[in-house]
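Undergrad: Structural data only, the sequence is not supplied:
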Ligand code: SF4
């Protein structure tokens, strides 16, 4: 037997093509302004007639930017309902509202009556909007305030990349072959990992509150006077070990920074490696070798499976390398960087023009960045390598001055072999 639900929220949400409907708003005051603004926010080309005994300056100012809104300063009359699809009664006159409701019913026009849920055929829900994504929230008329708070929550929680994800999904959807059921199965598989990862991990308010404030100028002045060893030791006096994020690409110069941290922290500092899925096999082997040699605790960061597959299927490094780097490099790091206060990486002044202008500390996108070997001289570097018998990435000996993904790296001095022939010089992690 079919169970029929008779309690709880029985409303069925629908999304209207407002630009194909004709809307009447009755009320030229604050409530009328609120309803008018809500409609225009969702669809600025909606055909609207607003009738009111008096019409406020705020409404007139708003409407001055639109040609699709007619204002009529006069009392409401039943004829106003002719040729309308929707009426919104937005006055404080309850008896007028009851009349509008009855007349709307007779004209088969759907009515929303302000502050009177019993008379409403529909409600104007609280709407979360992120690009093309819209989520309607209903509390069954019980608490507009809670609906507003829920909207704020979702607007903050949904990542800024939502529109990009939607565009990518549309491209994938258009490219998928097969019948409807097969398409649905493929899309389900592709998006299986999306939900838990869509909401960016952010540190708890308590954890943020525990963190010590810092003064970048003071840090730079103090650390610039120290040796590289002293800088690393000082870092753990200024910040808790759990607040330090160390990343390594396991490329040309990586052994130097990794050896420094392993030696000075007794290999206690975790190392994060962004695995783009496009690394040279030699890089992955080198990573294993250094991990064993320096007893490293390496954590791999990867793009969401379906997003990585998208970049692979569309050869994204040729069409849009910035998007490819965003998906495979910056997003995986962004997903965890909020858990840390300081991000350490091995940038060096001599690597390119952008890096030449850096200081030891800088703040980028809400995280403090620290480059302890930024000003190392070639002589100092060679001496450290010699003294500690460091092992280089094997491709260095084949003429690769800098080593990234296979698709975007050729032989060359310094970083000239990265994105060769393109204006691009950075993957986006350090700009
Ligand atoms: S370096 Fe090239 S292959 Fe690697 S993520 Fe960036 S664009 Fe893609």
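TA: Cool, the structure landed. Just so you know, these numbers come straight off a predicted model, no measurement behind them.

Undergrad: What separation is there between the residue in the stretch 51-200 of the chain positioned nearest to the ligand and residue 311?
TA: Nearest to the ligand, among the residues of the stretch 51-200 of the chain, is residue 168, at 14.6 Å (C-beta to the nearest ligand atom). For glycine as for every other residue, the C-beta is placed from the backbone atoms N, C-alpha and C. Distance, residue 168 to residue 311, by C-beta to C-beta, to the nearest Å: 9 Å.

Undergrad: now swap in residue 244 and tell me
TA: Taking C-beta to C-beta, one finds residue 244 at 30 Å from residue 311.

Undergrad: Helix or strand: which one has residue 246?
TA: Taking DSSP states H and E as the criterion, residue 246 maps to strand 244-246.

Undergrad: Quick check: residues of the stretch 1-150 of the chain near the ligand?
TA: Nowhere does the stretch 1-150 of the chain come near the ligand, counting by C-beta under 6 Å from any ligand atom.

Undergrad: hey, where'd the strands end up in the stretch 1-150 of the chain?
TA: Counting by DSSP state E, counting those that start in this stretch, the segments of the stretch 1-150 of the chain that form strands are 22-26, 47-52, 69-73, 86-89, 110-113, 126-130, 133-137.

Undergrad: tell me how far the last one is from the chain's mean position?
TA: So the one you mean is strand 133-137. 17 Å (C-alpha atoms, centre = their mean, to the nearest Å).

Undergrad: Show me where the stretch 251-400 of the chain dips below the pLDDT cut-off.
TA: For the stretch 251-400 of the chain, the stretches flagged by pLDDT under 70 are 352.

Undergrad: can you give me the helices in it?
TA: 254-265, 281-294, 305-313, 316-319, 321-325, 331-337, 353-356, 378-388 (DSSP state H, counting those that start in this stretch).

Undergrad: list the helices and strands the fourth one packs on?
TA: So that's helix 316-319. Counting contacts by 3 or more C-beta pairs under 8 Å, 6 or more residues apart in numbering; DSSP states H and E, helix 316-319 packs against helix 321-325.

Undergrad: ok, and for the helix it packs on, which residues are buried?
TA: Residues 321, 323-325 are the ones in helix 321-325 that count as buried (16 or more other C-beta atoms under 10 Å).

Undergrad: now do stretch 63-74
TA: Buried, per 16+ other C-beta under 10 Å, within stretch 63-74: 63, 69, 71.

Undergrad: Please enumerate residues in contact with that stretch?
TA: Stretch 63-74 is contacted from outside by 28, 36, 40, 44-55, 59-60, using C-beta atoms under 8 Å, 6 or more residues apart in numbering.

Undergrad: from those, which would you call buried?
TA: Among the contacts of stretch 63-74, those classed as buried by 16+ other C-beta under 10 Å are 28, 36, 40, 46-52, 55, 59.

Undergrad: wait, which of the residues you listed is closest to residue 401?
TA: Nearest to residue 401, judged by C-beta to C-beta, of the buried ones among the contacts of stretch 63-74 is residue 40 at 56.0 Å.

Undergrad: which residues touch the closest one?
TA: So residue 40 contacts 46, 62, 66 (C-beta under 8 Å, 6+ apart).

Undergrad: Check whether the first one really touches residue 23, as I assumed.
TA: It stands for residue 46. Yes - with contacts counted by C-beta atoms under 8 Å, residue 46 reaches residue 23, the gap being 5.8 Å.

Undergrad: Quickly list what residue 368 is bridged to.
TA: residue 342, residue 363 (DSSP bridges).

Undergrad: about what we covered before: joint contacts of residue 46 and residue 23?
TA: Common contacts of residue 46 and residue 23 (C-beta under 8 Å, 6+ apart): residue 39.

Undergrad: quick revisit: look at residue 168 and residue 311 and report which has more neighbours.
TA: Counting neighbours by other C-beta atoms under 10 Å for residue 168 and for residue 311 shows that residue 311 has the greater number, 25 against 20.

Undergrad: measure the closest residue to the more buried one other than its chain neighbours to residue 57 for me?
TA: In space, and not counting its chain neighbours, residue 311 is closest to residue 324: 4.8 Å by C-beta to C-beta, 6 or more residues apart in numbering. Distance from residue 324 to residue 57, counting by C-beta to C-beta: 51 Å.

Undergrad: before we move on, what about residue 367?
TA: 46 Å.

Undergrad: who's more crowded, these two?
TA: Regarding residue 367 and residue 57, a neighbour count based on other C-beta under 10 Å identifies residue 367 as having more, with 18 against 7.

Undergrad: Wait, that one touches residue 342, no?
TA: Yes - between residue 367 and residue 342 there is a contact at 7.4 Å, judged by C-beta under 8 Å.

Undergrad: Name the residues contacting each of these two.
TA: Common neighbours of residue 367 and residue 342 (C-beta under 8 Å, 6+ apart) are residue 245.

Undergrad: need the contact list for the residue in the stretch 101-250 of the chain that the ligand sits nearest to.
TA: Here the stretch 101-250 of the chain gets closest to the ligand at one residue, residue 249, 10.3 Å apart by C-beta to the nearest ligand atom. By C-beta under 8 Å, 6+ apart, residue 249 lies in contact with 273-274, 283, 403-404.

Undergrad: quick one: which of those is nearest the ligand?
TA: Looking across the contacts of residue 249 and measuring by C-beta to the nearest ligand atom, the closest to the ligand is residue 404, at 4.9 Å.
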